[in-house]
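Trainee: requesting a structural model of the entry that follows:
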Amino acid sequence: MNLFRTCSLATRLSRSLLLPVVRQSHLKAPGEQLPEWVQPKDELIETKRRRLLYQSRKRGMLENDLLLSNFASIYLSKMNPNDLDLYDKLINTPSNDWDLYYMAIGKIDTPDEYQNHVMDLLKAFAKNEQRQKRTRQPDVVPV
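Mentor: Sure, this is the predicted structure:
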């Protein structure tokens, strides 16, 4: 029984010490070069809102699907073109969806390039201080 406790404690300790380092390393990984993301030009504002709504819902990771789809359903229709550009960059440029999720929930530090009022709004939304039930994506309503 003691050996099990020791192994369990060592595993938890190594995870708690290594996870922040591993997570942060995805943002700065020099080895793999991804194609540079280019924001679509001359896109109509309504087209951009619809594209961002779709991209917020289809992340490939349930945690971000729920977080971003609920966020988008509330805030996309209220965003001005500059805010939409910031949100577009935020959800499309981190190389790893887990990095985006961990930034939103405050588990890792947000790099300066993503630190703006839209990210602050997403972080506040992720805290869910009103304790809203967000266990499924909202119905699709055109923005």
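Trainee: going by C-alpha atoms from here, please, whenever you check contacts or count neighbours.
Mentor: Fine.
Trainee: contact partners for the residue sitting nearest the centre point of the chain?
Mentor: Geometric centre of the chain, nearest residue: Leu100, 3.2 Å, by C-alpha atoms, centre = their mean. By C-alpha atoms under 8 Å, 6 or more residues apart in numbering, the contact set of Leu100 is Leu90, Ile91, Pro94.
Trainee: what's the answer for Leu90, then?
Mentor: Leu100, Tyr114, Met119.
Trainee: how about TSV for those residues, with distance to Lys133, pLDDT and secondary structure added?
Mentor: Listed next are the contacts of Leu90 as TSV, based on distance: C-alpha to C-alpha, whole Å; pLDDT from 0 to 100; DSSP: H, G, I helix; E, B strand; the rest coil:
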residue	distance to Lys133	pLDDT	secondary structure
Leu100	21	88	helix
Tyr114	27	88	coil
Met119	21	92	helix
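Trainee: closest one of these to Ile108?
Mentor: Nearest to Ile108 out of the contacts of Leu90 is Leu100 (C-alpha to C-alpha; 9.3 Å).
Trainee: follow-up on the earlier one: in CSV, list the contacts of Leu90 along with distance to Pro81.
Mentor: Putting the contacts of Leu90 into CSV (distance: C-alpha to C-alpha, whole Å) gives the following:
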residue, distance to Pro81
Leu100, 22
Tyr114, 17
Met119, 15
